[in-house]
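S.K.: quick one: sequence and predicted model below, then my questions.
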Amino acid sequence: VWPQFDVGSFRPNGRGSLLVSAQIIDGKAVALALRQRIGDGVARLKAQHNITPGLAVVLVGEDAASQVYVRNKGIATKEAGMVSLEFRMPADTSQAALLDKVRELNNDPSVHGILVQFPVPDQISQQAVIDTIHPDKDVDGLHPQNAGRLVSGLPALTPCTPTGSVILAKETLGDLTGKHAVVIGRSNLVGKPVAQLLLKENCTVTMAHSRTQDLAGMCRQADILVAAVGIAHIVQGDWVKPGACIIDVGINRVASAQEGKTRLVGDVDFDAASAVAGHITPVPGGVGPMTIACLLRNTLTAACRLAGVPEIDV
Ligand code: NAP
């Protein structure tokens, strides 16, 4: 008799028997479909109101990973039919000069979303940047006004990775009402907004962090387990409730089996957890692709709100 949870599929475990394995949540496919709907929304906004959403991305310095992120965001923005503006500033840019650039973009009516790529060089306060971006153009959803509006249940631009994580949970499970969600991590960027968004979906939410006692026992109670820690494979197979939905936000670079190479893994031990869970996001290919899609969604929303036209629901 198989357990009463949704077993996804069966796969050989290499030792001649079969393991129950979780359904893999295809973040790439969900993100692609969302980006297509956003593209349709952008086309409608243009046709009905002659507005083309514009996203401005500011990159300070030469960080290699940031350059890749910014390039990918630019490509995705154009693919969605939006205007992509890129501003590159040298690594020794002062905080005052960056904040001036942000204020200029705040006042530019062709710009509906502003994103300053983090991390910024040490001489610049990340919080000062976040505080200076106009809340209505804050497509990263990090401004205290947007964070406060989310907590208060008011319309807000919500952070992209948390929004993408909750969309994946909803696409997978449908109505989340009454589910017990455990979120590991309490950063302003991921953990706190994920918890708020799950609360909004009527989950019972437990937040865990580095001082949580009996983290494993806490996780075993989760119908939905969101890991946003930044420690490779901290979540082990026996931390997972049978049939749980696991959303792995972590991105960790570790040594690969191949000499001198590295690979990306999540915060969850994928092989062990997928033998127990009902559904699980892979890393890469899970939450990651949702982040850019939700950035574009926020830009479309911001463009509608700034123009005072009805929001386009995607
Ligand atoms: P962060 O600011 O470093 O926060 C990490 C959180 O994990 C903190 O709240 C910390 O607790 C908690 N933590 C640390 N060690 C722990 C432990 N041993 N047990 C339980 N909790 C522990 O990181 P973040 O910005 O939220 O990012 C988290 C992960 O998500 C990273 O791997 C990051 O790369 C990834 N990420 C992915 C995307 C994406 O697009 N997929 C986007 C953003 C971030 P305390 O508060 O007590 O210190």
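M.R.: On my side now, so go ahead. Residues are numbered from 1 along each chain as shown.

S.K.: quick one: end-to-end distance for stretch 228-235.
M.R.: Length of stretch 228-235, first residue to last, CA to CA, to the nearest Å: 10 Å.

S.K.: any buried residues in it, and which?
M.R.: Going by neighbour count (16 or more other CB atoms under 10 Å), the buried part of stretch 228-235 is 228-229, 232-235. For glycine as for every other residue, the C-beta is placed from the backbone atoms N, C-alpha and C.

S.K.: widest-spaced pair of those?
M.R.: Maximum pairwise distance in those, criterion CB to CB, is 14.3 Å, between Ala228 and His233.

S.K.: isn't Val194 up against Arg186?
M.R.: No. Contact criterion CB atoms under 8 Å: Val194 and Arg186 do not qualify, at 9.6 Å.

S.K.: least trustworthy helix or strand in the protein by mean pLDDT?
M.R.: Scoring the helices and strands of the chain by mean pLDDT, DSSP states H and E places strand 9-12 at the bottom, with a mean of 50.

S.K.: ok, and which of the buried residues of stretch 228-235 reach the ligand?
M.R.: Among those, proximity to the ligand is found for 228-229 (CB under 6 Å from any ligand atom).

S.K.: would you turn the buried residues of stretch 228-235 into JSON lines with secondary structure?
M.R.: JSON lines is the format used below for the buried residues of stretch 228-235 (DSSP: H, G, I helix; E, B strand; the rest coil):
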{"residue": "Ala228", "secondary structure": "coil"}
{"residue": "Val229", "secondary structure": "coil"}
{"residue": "Ala232", "secondary structure": "coil"}
{"residue": "His233", "secondary structure": "coil"}
{"residue": "Ile234", "secondary structure": "coil"}
{"residue": "Val235", "secondary structure": "strand"}
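
S.K.: the buried residues of stretch 228-235 into CSV, with extra columns for pLDDT?
M.R.: Output for those, formatted as CSV (pLDDT from 0 to 100):
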residue, pLDDT
Ala228, 98
Val229, 98
Ala232, 98
His233, 98
Ile234, 98
Val235, 98
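
S.K.: for the buried residues of stretch 228-235, which one is nearest Ile292?
M.R.: Distance to Ile292, by CB to CB, is smallest for Ala228 among the buried residues of stretch 228-235, at 17.6 Å.

S.K.: tell me the pLDDT of the nearest residue to that closest one once chain neighbours are set aside.
M.R.: Using CB to CB, 6 or more residues apart in numbering and skipping residues adjacent in sequence, the residue nearest Ala228 is Gly185, 3.5 Å away. You'll see Gly185 listed with a pLDDT of 98.

S.K.: any idea how far Gly185 lies from Ala33?
M.R.: 27 Å (CB to CB, to the nearest Å).

S.K.: looking at these two, which one has more neighbours?
M.R.: Of the pair Gly185 and Ala33, Gly185 is the one with more neighbours under other CB atoms under 10 Å, namely 23 against 14.

S.K.: quick one, phi psi at the more buried one?
M.R.: Gly185 has phi and psi values of phi 120, psi 140 when expressed as degrees, to the nearest 10.

S.K.: I'd assumed Ala227 was in contact with it.
M.R.: Yes. Counting by CB under 8 Å, Ala227 is a contact partner of Gly185 at 7.2 Å.

S.K.: what sits in contact with each of those two?
M.R.: By CB atoms under 8 Å, 6 or more residues apart in numbering, Gly185 and Ala227 have these common neighbours: Val249.

S.K.: would you map the helices across the chain?
M.R.: Here the chain has its helices, by DSSP state H, at 27-49, 64-79, 95-106, 126-132, 144-151, 160-173, 191-200, 215-219, 270-274, 288-307.

S.K.: now do the contacts for the nearest residue to Val182 once chain neighbours are set aside.
M.R.: In space, Val182 comes closest to Ala222 once its chain neighbours are excluded; the distance is 3.7 Å by CB to CB, 6+ apart. Neighbouring residues of Ala222 by CB under 8 Å, 6+ apart: 180-182, 206, 241, 244.

S.K.: out of the residues you listed, the closest to the ligand would be?
M.R.: Nearest to the ligand among the contacts of Ala222 is Val182, at 10.9 Å by CB to the nearest ligand atom.

S.K.: one step back: so which of the contacts of Ala222 are in strands?
M.R.: The strands, defined by DSSP state E, take in 180-182, 206 from those.

S.K.: which of those residues has the largest number of neighbours?
M.R.: Neighbour counts for these (other CB under 10 Å) peak at Val182, which has 27 neighbours.

S.K.: in the stretch 1-150 of the chain, what residue lies closest to the ligand?
M.R.: Distances between the stretch 1-150 of the chain and the ligand by CB to the nearest ligand atom are smallest at Gly27, namely 8.9 Å.
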